[in-house]
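Enquirer: Could you work out the structure for the sequence below:
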Amino acid sequence: MPELAEVAFYARQWDPVIGQRIESAYIDKTSRVLRENKTLSKDTFTGRRFIAYHLHGKQMLFEFEGAGWLRLHLGMTGKLRTEPTSESSTYQPRPHDRLVLYTQPCIATFNDARHFGRITWLDSVDTPTFWTALPPAVNSKDFTEEITENALKRRPKTAIKTLLLDQAYFPGVGNWMADEILWRAKIHPASRSGSLNGFKARALYNKIVEVAHDSMRVIAQDWSTPPDEWLFNHRWKDGGICPKSGAPLLREKINGRTACWSPAIQKII
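Expert: Presented below is the predicted three-dimensional model:
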């Protein structure tokens with residue numbers, strides 16, 4: 001599932017469309033990505049100018065001329081891309097293209113092989129209320145240590161790995177980011193949230209911010225591979241080695257989600 005930096009990377013693939021007027025559109029009416037907007041049609045987009053995109057955690061919102069907003073959720077396999085062409089009107093949708101926007105200089109597509117993504121159109125002069133009501137994303141200046149401490153106090157019996165995945169408190173954090181955060185903070189993913197206070201709570205907050213900014217710097221720009229000093233490159237398969245301790249990593253499920261940690265440096269509190 002795309003996380004903070006991956007979502008930002010895909011949103012930026014539509015940069016060439018900013019400022020362009022949509023000449024036509026294709027919508028796959030058979031796809032489940034339209035389950036929240038089954039009446040959406042190409043006429044919704046035709047003639048509108050694409051103004052900007054907005055990012056918040058795992059969410060993206062595209063702003064169009066004429067009080068229109070496109071909410072896209074990538075799901076597990078969703079991808080955005082653009083293709084420059086002088087003959088955009090001749091482009092034929094490829095397998096799994098769910099939305100195609102035709103402009104004079106390029107084509108913008110949303111491709112989703114497994115239909116887990118979502119396309120929602122909102123008519124609103126102002127920024128949609130669901131967006132303005134979102135809690136601060138972890139890469140935002142408004143995300144504070146107090147937010148982290150409050151989450152720990154409100155969910156004291158919850159495993160910290162599970163709590164970090166709660167978008168009500170930590171928008172943008174997904175499975176690999178949570179593992180990276182806890183590994184850097186030297187906190188076992190099964191530790192109860194209420195056991196983290198004082199130094200450990202501050203360490204958790206600092207590593208949330210650090211991983212958020214590191215991921216945006218490395219992955220969001222051009223999908224670069226993180227350095228081997230991160231847990232990221234070692235966590236995906238059994239048999240990985242901790243780049244800090246040199247000891248084997250452990251992979252197990254915690255509350256239904258696979259977690260990876262280094263038993264040598266991450267102890268249950």
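Enquirer: just so I have it, where are all the helices in the stretch 151-269 of the chain?
Expert: 160-164, 175-185, 199-222 (DSSP state H, counting those that start in this stretch).
Enquirer: so Thr77 touches Ala113, yeah?
Expert: Yes - with contact defined as Cβ atoms under 8 Å, Thr77 counts as touching Ala113 (4.5 Å). For every residue, glycine as well, the C-beta is placed using N, CA and C.
Enquirer: ok, Trp121 - contacts?
Expert: Trp121 makes contacts with Asn37, Leu40, Thr44, Gly68, Trp69, Leu70, Arg71, as judged by Cβ atoms under 8 Å, 6 or more residues apart in numbering.
Enquirer: Quick check: of the residues you listed, which lies closest to Leu231?
Expert: Arg71 (31.8 Å; Cβ to Cβ).
Enquirer: The closest one: which element?
Expert: Using DSSP states H and E, Arg71 falls within strand 68-73.
Enquirer: which secondary structure elements does that strand contact?
Expert: The contact analysis (3 or more Cβ pairs under 8 Å, 6 or more residues apart in numbering; DSSP states H and E) places strand 68-73 against strand 59-64, strand 118-123.
Enquirer: Out of those, which gets nearest to Trp131?
Expert: Smallest distance to Trp131 across the helices and strands packed on strand 68-73 (Cβ to Cβ): 5.7 Å, for strand 59-64.
Enquirer: what sits against Pro105?
Expert: Pro16, Gln20, Pro84, Thr85, Ser88.
Enquirer: and the least confident helix or strand in the chain by mean pLDDT, which strands flank it?
Expert: One helix or strand of the chain scores below all others by mean pLDDT, DSSP states H and E: strand 78-84, with a mean of 93. Partner strands and pairing direction for strand 78-84 (DSSP bridges) are strand 106-112 (antiparallel).
Enquirer: ok, now how distant is the closest residue to Gly75 other than its chain neighbours from Leu163?
Expert: Take Gly75 and drop its neighbours on the chain: the residue closest to it by Cβ to Cβ, 6 or more residues apart in numbering is Phe116, 3.0 Å away. Separation of Phe116 from Leu163 (Cβ to Cβ, to the nearest Å) stands at 24 Å.
Enquirer: Helix, strand, or coil at the closest residue in space to Ala67 that isn't next to it in sequence?
Expert: The spatial neighbour of Ala67 that comes closest, neighbours along the chain excluded (Cβ to Cβ, 6+ apart), is Val125 at 4.6 Å. At Val125 the chain is in coil, as set by DSSP: H, G, I helix; E, B strand; the rest coil.
Enquirer: Quick check, Val125 in contact with Gly66.
Expert: No - counting by Cβ under 8 Å, Gly66 is not a contact partner of Val125; they are 9.6 Å apart.
Enquirer: which of the two has more neighbours?
Expert: Neighbour count, other Cβ atoms under 10 Å: between Val125 and Gly66, Gly66 has more, with 11 against 7.
Enquirer: With just CA atoms, put stretch 85-105 into PDB.
Expert: What follows is stretch 85-105, C-alpha atoms only, in PDB (Å, rounded to 0.1, in the frame of the first residue of the first chain):
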ATOM      1  CA  THR A  85       2.500  13.400 -27.200                       C
ATOM      2  CA  SER A  86       1.400  15.600 -30.000                       C
ATOM      3  CA  GLU A  87      -1.400  13.300 -30.900                       C
ATOM      4  CA  SER A  88      -3.100  12.700 -27.500                       C
ATOM      5  CA  SER A  89      -6.500  12.100 -29.100                       C
ATOM      6  CA  THR A  90      -5.200   8.900 -30.700                       C
ATOM      7  CA  TYR A  91      -4.100   7.300 -27.400                       C
ATOM      8  CA  GLN A  92      -6.000   4.100 -26.700                       C
ATOM      9  CA  PRO A  93      -6.500   3.200 -23.000                       C
ATOM     10  CA  ARG A  94      -4.100   0.400 -22.000                       C
ATOM     11  CA  PRO A  95      -5.100  -2.600 -19.900                       C
ATOM     12  CA  HIS A  96      -6.100  -1.400 -16.400                       C
ATOM     13  CA  ASP A  97      -6.300   2.300 -17.300                       C
ATOM     14  CA  ARG A  98      -9.300   3.400 -15.200                       C
ATOM     15  CA  LEU A  99      -9.000   7.200 -16.000                       C
ATOM     16  CA  VAL A 100      -7.400   8.900 -18.900                       C
ATOM     17  CA  LEU A 101      -7.300  12.700 -19.200                       C
ATOM     18  CA  TYR A 102      -6.400  14.100 -22.700                       C
ATOM     19  CA  THR A 103      -4.700  17.400 -23.000                       C
ATOM     20  CA  GLN A 104      -2.800  19.000 -25.900                       C
ATOM     21  CA  PRO A 105       0.700  18.400 -24.600                       C
END
